[in-house]
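**Q** Just need the structure, nothing else, for what follows:
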Amino acid sequence: MEKVPSYVNLRKKIKCNEDKKSSVIKYIIESGEKIYDGVVPETVDGARFNLEDGWVLIRPSGTEPYTRIRVEGRDNNIAKGLLERGLKLIKEALKT
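**A** Okay, the predicted model is just below:
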């Protein structure tokens, strides 16, 4: 029997006013490819970038004034790197 691989999950939420949520997610969809190695995001529920060693989901909260980011990586360093790049992208989007 093969062992199911274990991945590291990290998540954060960043304050984002309701009136900024749509412009923030639009910026992330348009600019995220540069941050995540040319990967085009799936946009069913926010922006999800499926990468070789993990994935990133950035989406506006439906119930609170936040944008949420959740990442999963093969190991802790990969997950932290994905999270850091995503947080940087969200902060850039909030400035627009």
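**Q** Now do the helices in this structure.
**A** 21-35, 76-95 (DSSP state H).
**Q** got the contact list for the lowest-mean-pLDDT helix or strand in the chain?
**A** Least confident helix or strand of the chain, by mean pLDDT, DSSP states H and E, is helix 21-35 with a mean of 94. Under the contact criterion Cβ atoms under 8 Å, 6 or more residues apart in numbering, helix 21-35 has outside partners 16, 39-41, 43, 46-47, 49, 58-60, 67, 85-86, 88-90, 92-94, 96. For every residue, glycine as well, the C-beta is placed using N, CA and C.
**Q** returning to that earlier point: possible to save the helices of the chain as a markdown table with mean neighbour count and distance to P5?
**A** Listed next are the helices of the chain as a markdown table, based on neighbours: other Cβ atoms under 10 Å; distance: least, Cβ to Cβ, whole Å:
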| stretch | mean neighbour count | distance to P5 |
| --- | --- | --- |
| helix 21-35 | 17 | 25 |
| helix 76-95 | 16 | 12 |
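**Q** Would you tell me which of those helices gets closest to V8?
**A** Comparison of the helices of the chain against V8 by Cβ to Cβ identifies helix 76-95 as nearest, at 4.0 Å.
**Q** Can I get that closest one in PDB, CA atoms only?
**A** Only the C-alpha atoms of helix 76-95 are listed here, as PDB (Å, rounded to 0.1, in the frame of the first residue of the first chain):
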ATOM      1  CA  ASN A  76       7.100  23.900   5.300                       C
ATOM      2  CA  ASN A  77       9.600  26.000   3.300                       C
ATOM      3  CA  ILE A  78       7.500  25.700   0.100                       C
ATOM      4  CA  ALA A  79       4.300  26.500   1.900                       C
ATOM      5  CA  LYS A  80       5.800  29.500   3.600                       C
ATOM      6  CA  GLY A  81       7.200  30.700   0.300                       C
ATOM      7  CA  LEU A  82       3.800  30.400  -1.400                       C
ATOM      8  CA  LEU A  83       2.200  32.300   1.500                       C
ATOM      9  CA  GLU A  84       4.700  35.100   1.500                       C
ATOM     10  CA  ARG A  85       4.300  35.600  -2.300                       C
ATOM     11  CA  GLY A  86       0.500  35.600  -1.900                       C
ATOM     12  CA  LEU A  87       0.600  38.100   1.000                       C
ATOM     13  CA  LYS A  88       2.800  40.400  -1.100                       C
ATOM     14  CA  LEU A  89       0.400  40.200  -4.000                       C
ATOM     15  CA  ILE A  90      -2.600  41.000  -1.700                       C
ATOM     16  CA  LYS A  91      -0.800  44.000  -0.200                       C
ATOM     17  CA  GLU A  92       0.000  45.300  -3.700                       C
ATOM     18  CA  ALA A  93      -3.600  44.800  -4.700                       C
ATOM     19  CA  LEU A  94      -4.800  46.800  -1.700                       C
ATOM     20  CA  LYS A  95      -2.700  49.800  -2.800                       C
END
